[in-house]
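*Asks:* compute the structure for the input listed below.
(chains A and B)
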Amino acid sequence: MLRFFLTRLLTFVPTFVGVTLISFAFIRVLPGDPIIVMAGERGLSEARYQELREQFGFDQPLFVQFWDYLTGILHGDLGMSYVTKKPVWDEFFALFPATVELSLCAIVIAICLGLPAGVIAAVNRGKFFDRALMSTALVGYSMPIFWWALLLIIVFSGTLGWTPVSGRIDLLYYFPDATGFMLIDSLLSGQKGAFASAVEHLILPSIVLATIPLAVIARQTRSAMLEVLGEDYIRTARAKGLAPVRVNGLHALRNALIPVVTVIGLSVGVLLAGAILTETIFSWPGIGKWMVDSIYRRDYPVVQGGLLLIAGMVMIVNLIVDLLYGVINPKIRKR
Amino acid sequence: MTLHTFLTTSALALSLASAAAAQQTLVYCSEGSPEGFDPALYTSGTTFDAAGQAVYARLVEFKTGTTEVIPGLAESYDISEDGKTYTFHLRPGIKFQTTDFFTPTRDMTADDVIFSFMRQLDPENPFHNASGGTFEYFNAMSMPELIDSIEKVDDLTVAFHLTRPEAPFIANMAMDFASIMSTEYADQLLEQGRPDLLNQQPLGAGPFAFVAYQKDAVIRYRKHDGFYREGLPKLDNLIFAITPDASVRYQKLKAGECHVMPFPNPADIAEMKSQDGITVKEQEGLNVGYLAFNTQQPPFDNPKVRKALNMAMDKQAIIDVVFQGAGEVAKNPIPPTMWSYNDAVEDDPYDPEAAKAMLEAEGVSDLSMKLWAMPVQRPYNPNARRMAEMMQADFEKVGVKAEIVSYEWGEYLDRSKEVDRDGAVLLGWTGDNGDPDNFLGTLLSCDGVGGANRSQWCYEPFEKLIQEAKTKPTQAERAKLYEEAQVIFKEQAPWATIAHSKVFMPMRDEVEGYKVHPLGLHIFTEVSLDK
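*Replies:* Below is the predicted model of the structure:
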């Protein structure tokens, strides 16, 4: 087990270096010079332009810039945003809880609805419910998030007035950030109605963000279940006269869960990608929106730092999933 | 927590909540996050709204809703005979804001004014590099070359000595970069070793005091009780709810979650106007959208060719389709709301036949050119790609083939400056200070060739007029010269002028006293809520 753990950890290192290189190169391959974007239509004189280039270190050869960036990372320094002049770390940590809160709610919704839906579809294979569910999942999977979000806002906020339009809480409530998690902070604030307001604000964005993972989990659960349901031991269990709930729930689902766990782990990447659009449209102040703004502004340190941190998170989650896998299924460790 | 403290704190929270309800709190759904809170460091309107206009005040100000310069923190100013010295007489008893992070002990003096400019002018000033920032507007307005020295005459009098007479100077002093900061607050920050906080916790003498900012989410302000203008501001609290998507802003306005929203989708405006509870205010924007020919490249070095292409364009159709009616055809390079606008100038008529004949007469046949379309939406051009396609079709009719090209915005701005660039470029300009020089000088002077002058046009008779106009002390004398300059501009046609757009501001009916600002700023000093 220890050996498995160490090998996995070792492969982590080159992947991480690869990601730093890609995130560094990616933003520089994009056309657009941050200094010119900063100045806009107003423009800069040539002398001023050179002065700014020097100040930001763009006059250095690329490999020198990359080296500075790498050594910075090793010292735990991701650099400073060109735009706000604040350390990338500080900005990340200020915005990260909002993204975590939203993503957790979304993944909980996706699991709570996706698992049962997949199981029921598998058990009713080929029947109306199965078909209806699977076509809905296909629609959900291919739904453009931006459009879907706007549709929900127009129907549930604009027309019906059931949910707030955007943001994390009614702005008339004001209390300092304690944890950065609005659900917790609103409770701590002791202000009447604040928690309810925070919950209301979470509903639409977490539904939107849950849509794709929900569809993926439902489909994956269904196919894993179908595979397991065809196994001999299930037939045996059925032949023994066990109740269908016991067969499907206990025997089949438990074994079907292994690939599903992987899918849930992989959904973290999907969630973060979805968060970029969801946060933008719901004015949710998280890292997704932060990244989008920074790409537009060619804010190199934020884009590369942000990419690195996001990639790091996805990798850590995948590492944990792999390790869990090793625990659940000992066969994998042997390979 | 004992039961007693629990009860008292919840009672306190409840009474605070009801007190908050009785106060006037306006929520403004702003379009983006400010880059910071030091208006001198940035060039975007979003930052000026959040910092320059809400928190700070200046020596002179633009009268709300106009480009007229009126007294601000200075109750009056004199200009010396030679036009090189501006002396400002400060209002006595100007208070800086009291906040959680700073309590002023004295009123504003000449020292504060000097500090506000010296930190931008003097590289040795401890605040010059405090935020790693650059003073782009200060530089763009040529302040480092223009200001020779700043002199404290006495506590309430400051003299700016300039290196040359510069009539637009007074309008520049009403711009956001000229916001007045507190030296005392700056000293406190230096003592704490945190000069960078000046950009994060702003403190000025403006209408609203900064309370808190949650990145990408919300900015909170409360009324500055010591504001120098009697009875203002009327609001007790001002909240910026940062909402980048225009459709979402509109839904929030409809739901009553915000009172005012900027930058609506043009397509939504008709519906907004018919909504109960929503009023849409509108005003001509101080801007111009244009097509700049490269006047240094044949055949565009020939004014007749440029004029012919101008005549080939159906500009009214462009206004109808691209601006959806929210604009008007431009004939001059400055907008009609600006002083010195020459209404006697006549635009070349839309006449494809005549245009074709003119091109033939100049020996131009089988012309194929590049037509540059901007990749971004701007106030002066909501859809450059669509506009370019319409022009392409118009040019086709006179036998000119246009190929539409586009680049990423930064690339676009950069490449379009090149003197040997080919074709014609769609671009535009929004005024900074309501001075005609800000258009004619910035965009069409010989200095601007290879820079902001995208038509690479350096024309002696025009240049002479605009340079002379800058040195004349009275507006009447200047206006005369600018009017002449516009006549020459039309004859030479370095640009095809296309449009001046309208600015729309949807708001709830209960918002009173809001005026749309021609410079694109969003100001709440005189606004109140009528419930």
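*Asks:* need the contact partners of the helix or strand where B:Pro144 lies.
*Replies:* In this structure, B:Pro144 sits in helix B:143-146 according to DSSP states H and E. With contact meaning C-beta atoms under 8 Å, 6 or more residues apart in numbering or on different chains, helix B:143-146 is reached by B:Phe117, B:Gln120, B:Leu121, B:Phe138, B:Leu162, B:Thr163, B:Arg164, B:Glu166, B:Phe169, B:Asn172. For the C-beta atoms, the positions are set from N, CA and C on the backbone; glycine is no exception.
*Asks:* same thing but 6 Å
*Replies:* Identification of contacts with helix B:143-146 by C-beta atoms under 6 Å, 6 or more residues apart in numbering or on different chains yields B:Leu162, B:Glu166.
*Asks:* from the chain's centre, how far out is that helix? Work that out for me.
*Replies:* Centroid displacement of helix B:143-146 relative to its chain, using C-alpha atoms, centre = their mean, to the nearest Å, is 21 Å.
*Asks:* buried residues in the helix or strand following it, which are they?
*Replies:* Using DSSP H and E, the helix or strand that directly follows helix B:143-146 along the chain is strand B:147-154. Neighbour counts over strand B:147-154 (16 or more other C-beta atoms under 10 Å in any protein chain shown) mark B:Ile147, B:Ile150 as buried.
*Asks:* please save the CA atoms from strand B:147-154 in PDB.
*Replies:* This file holds the C-alpha atoms of strand B:147-154, laid out as PDB (Å, rounded to 0.1, in the frame of the first residue of the first chain):
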ATOM      1  CA  ILE B 147       3.400  70.900 -14.700                       C
ATOM      2  CA  ASP B 148       6.500  72.900 -14.000                       C
ATOM      3  CA  SER B 149       5.900  73.300 -10.300                       C
ATOM      4  CA  ILE B 150       3.200  73.400  -7.700                       C
ATOM      5  CA  GLU B 151       3.400  76.100  -5.100                       C
ATOM      6  CA  LYS B 152       1.700  76.500  -1.700                       C
ATOM      7  CA  VAL B 153       0.900  80.100  -1.500                       C
ATOM      8  CA  ASP B 154      -0.800  79.700   1.900                       C
END
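*Asks:* show me the contact partners of it.
*Replies:* B:Ala110, B:Ile114, B:Phe117, B:Ala159, B:Phe160, B:His161, B:Thr163.
*Asks:* in what helix or strand does the third one lie?
*Replies:* Going back to what we said before, that points to B:Phe117. helix B:110-121.
*Asks:* repeat that for the fifth one.
*Replies:* B:Phe160 is part of strand B:157-162 when elements are defined by DSSP H and E.
*Asks:* as a whole number, average confidence for that strand?
*Replies:* The average pLDDT for strand B:157-162 rounds to 95.
*Asks:* list the helices and strands that strand packs on?
*Replies:* strand B:85-90, strand B:147-154 (3 or more C-beta pairs under 6 Å, 6 or more residues apart in numbering or on different chains; DSSP states H and E).
*Asks:* which bits of chain A sit near chain B?
*Replies:* For chain A, the contact set with chain B under C-beta under 6 Å from any C-beta of the partner chain comprises A:31-33, A:36-37, A:40, A:42-43, A:48, A:83-85, A:94, A:150, A:153, A:157-158, A:165-166, A:171, A:190-191, A:281, A:283, A:285, A:289.
*Asks:* buried subset of those?
*Replies:* Buried among those (16+ other C-beta under 10 Å): A:32-33, A:36-37, A:42-43, A:48, A:83-85, A:94, A:150, A:153, A:157-158, A:165-166, A:171, A:190-191, A:281, A:283, A:285, A:289.
*Asks:* which other helices and strands does the biggest strand by length in chain B contact?
*Replies:* In chain B, ranked by residue count with DSSP state E as the criterion, the top strand is strand B:495-508. Using 3+ C-beta pairs under 6 Å, 6+ apart as the contact test, the elements touching strand B:495-508 are strand B:278-284, strand B:287-293, strand B:327-329.
*Asks:* is stretch B:194-207 anywhere near chain A?
*Replies:* No: using C-beta under 6 Å from any C-beta, stretch B:194-207 stays clear of chain A, coming no nearer than 6.5 Å.
*Asks:* circling back: can you tell which of the helices and strands packed on strand B:495-508 is closest to chain A?
*Replies:* Closest of those to chain A is strand B:287-293, at 10.5 Å (criterion: C-beta to the nearest C-beta).
*Asks:* host element of A:Ala117?
*Replies:* Residue-wise, A:Ala117 maps onto helix A:88-123 under DSSP H and E.
*Asks:* list the buried ones in that helix?
*Replies:* A:88, A:91-92, A:94-103, A:105-107, A:109-111, A:114-115, A:117-123.
*Asks:* need the helices and strands packed on strand B:495-508 in TSV with distance to chain A, can you?
*Replies:* Formatted as TSV, these follow (distance: least, C-beta to the nearest C-beta, whole Å):
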stretch	distance to chain A
strand B:278-284	13
strand B:287-293	10
strand B:327-329	18
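*Asks:* can you redo the ones you listed as CSV with mean pLDDT and mean neighbour count?
*Replies:* As requested, these are exported to CSV (pLDDT from 0 to 100; neighbours: other C-beta atoms under 10 Å in any protein chain shown):
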stretch, mean pLDDT, mean neighbour count
strand B:278-284, 91, 16
strand B:287-293, 95, 26
strand B:327-329, 92, 20
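*Asks:* got any ranges where the chain has weak pLDDT?
*Replies:* All of this is about chain A. Flagging of chain A using pLDDT under 70 yields the residue ranges A:1, A:38-40, A:328-335.
*Asks:* wrong one, chain B
*Replies:* B:1-22, B:531.
*Asks:* what does it put close to chain A?
*Replies:* Within chain B, the positions adjacent to chain A are B:9-10, B:13, B:35-36, B:43, B:131-133, B:139-140, B:215-218, B:239, B:241, B:243, B:245, B:247-248, B:251-252, B:254-255, B:257, B:408, B:410-411, B:413-414, B:451-452 by C-beta under 6 Å from any C-beta.
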